[in-house]
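Undergrad: Next one to model:
(one chain, ligands or ions: 1)
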Amino acid sequence: MDLLKVIRERKTLRAFKPDPIPREKIEEMIRLSIHAPSAINLQPWEFIVVTGEEKERLGRRLIKSYKEKQIACSPGNVKPLPKTYSKRGAKTLELMKPFFEEMGVNIDQYINEGSCNFYGAPVAILLCLDDSFPKARLVDIGIALGYLVLIAHEFGLGTCPIGLIIAYEDEIKDLLNIPENKNVVIGVALGYPDPDIPINRFKSQRDHLETFIRWIE
Ligand SMILES: Cc1cc2nc3c(=O)[nH]c(=O)nc-3n(C[C@H](O)[C@H](O)[C@H](O)COP(=O)(O)O)c2cc1C
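TA: Numbers count the residues shown, from 1 in each chain. The predicted structure follows:
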């Protein structure tokens, strides 16, 4: 498939079929993702792939932690967001609403518990970064994530990046025996999209190009 088509088509999926994904296919996707550029070619990314009963156990543990701590999906900003950004978030949720209504589910519960359970995907990938790196290396992880979600689409698979679970990093590290010096940066749900679930028909919008560019000539 051509790259531009993949870029235009890719979107976040929030319902997956339980069908397992062959290990070789996951490996191939990660092999391609690590073609991503990184500063001084340090390749700081680490991928933890959780499948099968372990993935189910992880989902159950995260939902339990969510119910106890009630830390929900949010931009996690460090000071109040300028209106431009908060309006975009609110608009996205507003546009998602009819799909959740059609499903007859509570939007907060679906998104928060769904995120904790990787929306029923058979595979959870955790991208980790050694804590000896500075914050700047998060950029490298972000690029690898960008590659991964596009490659998954090309492979006929769907993804949802899951930032919420980072609020429960201690529990994840404990359950999966992730060493203390590794930071879990982002999770990704990976699976075959379930086309029958209405929220998977939702496609988010983007603001006009002019809102993002300032030319200095
Ligand atoms: C860093 C990051 C964290 C995200 N965390 C979550 C999450 O915890 N739960 C969720 O449902 N979606 C999450 N998303 C998906 C975004 O909501 C989604 O990318 C955004 O609404 C744009 O939609 P699109 O991916 O379909 O273009 C996350 C995306 C990114 C890049």
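
Undergrad: Every contact and neighbour count from this point should use C-alpha atoms.
TA: Fine.

Undergrad: and the most centrally placed residue in the chain, how far is that from A39?
TA: Nearest to the centroid of the C-alpha atoms of the chain, with distances taken as Cα atoms, centre = their mean, sits P161, at 0.6 Å. Look at P161 and A39: by Cα to Cα, to the nearest Å, they are 23 Å apart.

Undergrad: Then D2?
TA: Between D2 and A39 the distance is 27 Å, computed by Cα to Cα.

Undergrad: of these two, who's got more company?
TA: Neighbour tally, D2 and A39, criterion other Cα atoms under 10 Å: the higher count belongs to A39, 11 against 7.

Undergrad: is it true that the more buried one touches V139?
TA: No - contact status for A39 versus V139: not in contact, 9.0 Å apart, counting by Cα atoms under 8 Å.

Undergrad: gap between the two ends of stretch 76-83?
TA: Stretch 76-83 has an end-to-end distance of 15 Å (Cα to Cα).

Undergrad: nope, stretch 16-36 is what I meant
TA: Start-to-end, stretch 16-36 (Cα to Cα) is 26 Å.

Undergrad: Show me which residues of it are buried.
TA: If you call a residue buried by 16 or more other Cα atoms under 10 Å, then stretch 16-36 has these buried ones: 16, 18, 21, 26, 29-30, 33-34, 36.

Undergrad: so how far is that stretch from its chain's centroid?
TA: How far stretch 16-36 lies from its chain's middle: 15 Å, per Cα atoms, centre = their mean, to the nearest Å.

Undergrad: Burial check on the nearest residue to the residue nearest to the centre of the chain once chain neighbours are set aside, number of neighbours?
TA: In this structure, P161 finds its nearest non-sequential neighbour in V188, 4.3 Å apart by Cα to Cα, 6 or more residues apart in numbering. Neighbours of V188 under the rule other Cα under 10 Å: 24.

Undergrad: low-confidence ranges in this structure?
TA: Judged against pLDDT under 70, the low-scoring parts of the chain cover residues 1.

Undergrad: name the element A36 belongs to?
TA: Under DSSP states H and E, no helix or strand contains A36.

Undergrad: That one: what's it in contact with?
TA: Counting by Cα atoms under 8 Å, 6 or more residues apart in numbering, A36 touches 140, 143-144, 147.

Undergrad: Let's see that with 10 Å instead.
TA: With contact taken as Cα atoms under 10 Å, 6 or more residues apart in numbering, A36 is in contact with 43, 140-148.

Undergrad: Could I get the phi/psi values of it?
TA: In this entry, A36 is assigned phi and psi values of phi -60, psi 150 (degrees, to the nearest 10).

Undergrad: contacting residues around the longest helix along the chain?
TA: Once the chain is assigned using DSSP state H, the helix that runs over the most residues is helix 83-103. Among residues not part of helix 83-103, those counted as contacts by Cα under 10 Å, 6+ apart are 74-75, 80-81, 104-108, 110-111, 197-207, 211.

Undergrad: And the ligand, is that helix touching that?
TA: No - using Cα under 6 Å from any ligand atom, helix 83-103 stays clear of the ligand, with a minimum separation of 6.8 Å.

Undergrad: Quick check: buried residues in that helix?
TA: For helix 83-103, the buried set under the neighbour-count rule, 16+ other Cα under 10 Å, comprises 96-97, 99-100.

Undergrad: and if you look at stretch 74-81?
TA: Neighbour-count burial for stretch 74-81, with 16+ other Cα under 10 Å as criterion, is recorded at no position.
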